[in-house]
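Participant: Build me a model from this:
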Amino acid sequence: MKLLSATTNSWIYYVIFAIIIALFIAVIILFILHKKYAAKMFNRSVWRRLYNLVQNQDWYLLNDVVINTESNALHISHLLVANKYVYVIASRYYENDLKGDSFTCQHWKVIDKNQVFLRQVSNPVAFNERRTVCLAKFLGWNATKSPMFISIVVINDSSDVIIDDTSISPQSYIIHKKDLVRLIKKIEKESDVPPLDEKSLDKLIPRLHRLSIDNKNQSNQGQNF
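Facilitator: This is a model prediction of the structure:
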């Protein structure tokens with residue numbers, strides 16, 4: 001009986017050890033998958049929030065938009081045509097925090113929670129602003145007209161943004177995902193500009209849809225933006 005008990009205990013230890021190894025391997029696999037697919041999953045979660053928003057509104061949403069202008073290929077994560085503005089929305093996932101001198105400088109730093117420098121990235125706010133202006137001009141907007149395009153950069157809730165000079169264009173935002181829908185509703189509610197002209201929208205929306213479909217499969221045409 002003593003020999004049987006010792007053998008049984010040995011098997012229990014082997015099983016526990018095997019479970020621990022399996023859990024360890026599973027954690028490593030999940031970590032690798034998270035690193036690989038986190039940005040795609042984040043982009044989809046932003047789309048889901050925007051989709052739920054437009055469900056109860058007479059608004060129009062395009063995702064993964066590609067539009068070739070005369071000099072640039074514009075890649076837009078989400079394009080939302082609402083009641084008063086057209087929102088050019090960029091989804092950006094960062095595993096750490098962001099730090100920059102200003103919202104207009106060319107590059108920002110990615111830092112950890114102790115503000116240790118990890119790498120350098122393009123300033124997503126300035127980048128999306130340029131893309132927004134480029135799209136607006138391509139669609140016929142100019143400086144003599146009232147602003148109708150809003151630039152929004154959406155980042156994951158776990159990432160903080162530290163900026164020394166907080167001056168930013170009134171038509172440009174960087175926001176956590178959890179605050180995105182609230183921001184758009186606030187802009188639409190509090191803005192005193194008139195709603196977008198229905199006749200213009202009837203022309204604009206099919207044109208955007210057609211341009212996106214026509215250009216989705218084209219690549220390496222001009223500068224990717």
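
Participant: From here on, just use CA atoms for contacts and neighbour counts.
Facilitator: OK.

Participant: the strands in the protein, which residues?
Facilitator: 60-68, 72-81, 86-92, 97-102, 107-111, 117-122, 149-155, 161-165, 172-176, 223-224 (DSSP state E).

Participant: Which of those strands has the highest mean neighbour count?
Facilitator: strand 149-155 (a mean of 24; mean count of other Cα atoms under 10 Å).

Participant: For Val54, which non-adjacent residue is closest in space?
Facilitator: Tyr60 (6.8 Å; Cα to Cα, 6 or more residues apart in numbering).

Participant: show me the residues around that neighbour that make contact.
Facilitator: Tyr60 makes contacts with 54, 80-82, 205, as judged by Cα atoms under 8 Å, 6 or more residues apart in numbering.

Participant: In the sheet, which residues pair with it? Tell me.
Facilitator: Tyr60 forms beta bridges with Val81, as assigned by DSSP bridges.

Participant: And it, how close does it get to Arg48?
Facilitator: Using Cα to Cα, to the nearest Å, Tyr60 is found at 14 Å from Arg48.

Participant: Could you do Thr69 as well?
Facilitator: 28 Å.

Participant: More neighbours: which of those two?
Facilitator: Taking other Cα atoms under 10 Å, Thr69 and Arg48 do not tie; Thr69 has more neighbours (17 against 11).

Participant: give the contact list for the closest residue to Ile175 other than its chain neighbours.
Facilitator: With Cα to Cα, 6+ apart as the criterion, Ile175 has its nearest non-adjacent residue at 5.1 Å, and that residue is Val154. By Cα under 8 Å, 6+ apart, the contact set of Val154 is 46, 89-92, 174-177, 180.

Participant: same thing but at 6 Å, please
Facilitator: 91-92, 174-177 (Cα atoms under 6 Å, 6 or more residues apart in numbering).

Participant: from the contacts of Tyr60, which is closest to Asp160?
Facilitator: The shortest gap between Asp160 and any of these belongs to Leu80, at 24.8 Å (Cα to Cα).

Participant: quick one: the closest one from Val154, how far?
Facilitator: Taking Cα to Cα, one finds Leu80 at 13 Å from Val154.

Participant: Which pLDDT does the model give the residue positioned nearest the centre of the chain?
Facilitator: Nearest residue to the geometric centre of the chain (Cα atoms, centre = their mean): Ser91, 0.6 Å. We have a pLDDT of 96 for Ser91.

Participant: Just want to check the distance between the closest residue to it other than its chain neighbours and Tyr85.
Facilitator: Spatial nearest neighbour of Ser91, excluding adjacent residues (Cα to Cα, 6+ apart): Val154 at 4.9 Å. Counting by Cα to Cα, the gap from Val154 to Tyr85 is 17 Å.

Participant: burial count for Val46?
Facilitator: 24.

Participant: Could you report the pLDDT at it?
Facilitator: For Val46, pLDDT reads 96.

Participant: before we move on, what about Lys189?
Facilitator: Reported pLDDT for Lys189: 95.

Participant: residue contacts, it?
Facilitator: Contacts of Lys189 (Cα under 6 Å, 6+ apart): none.

Participant: From Tyr60, how far off is the nearest residue to Trp108 once chain neighbours are set aside?
Facilitator: Among residues not flanking Trp108 along the chain, Gly100 sits closest, at 4.6 Å (Cα to Cα, 6+ apart). According to Cα to Cα, Gly100 and Tyr60 sit 34 Å apart.
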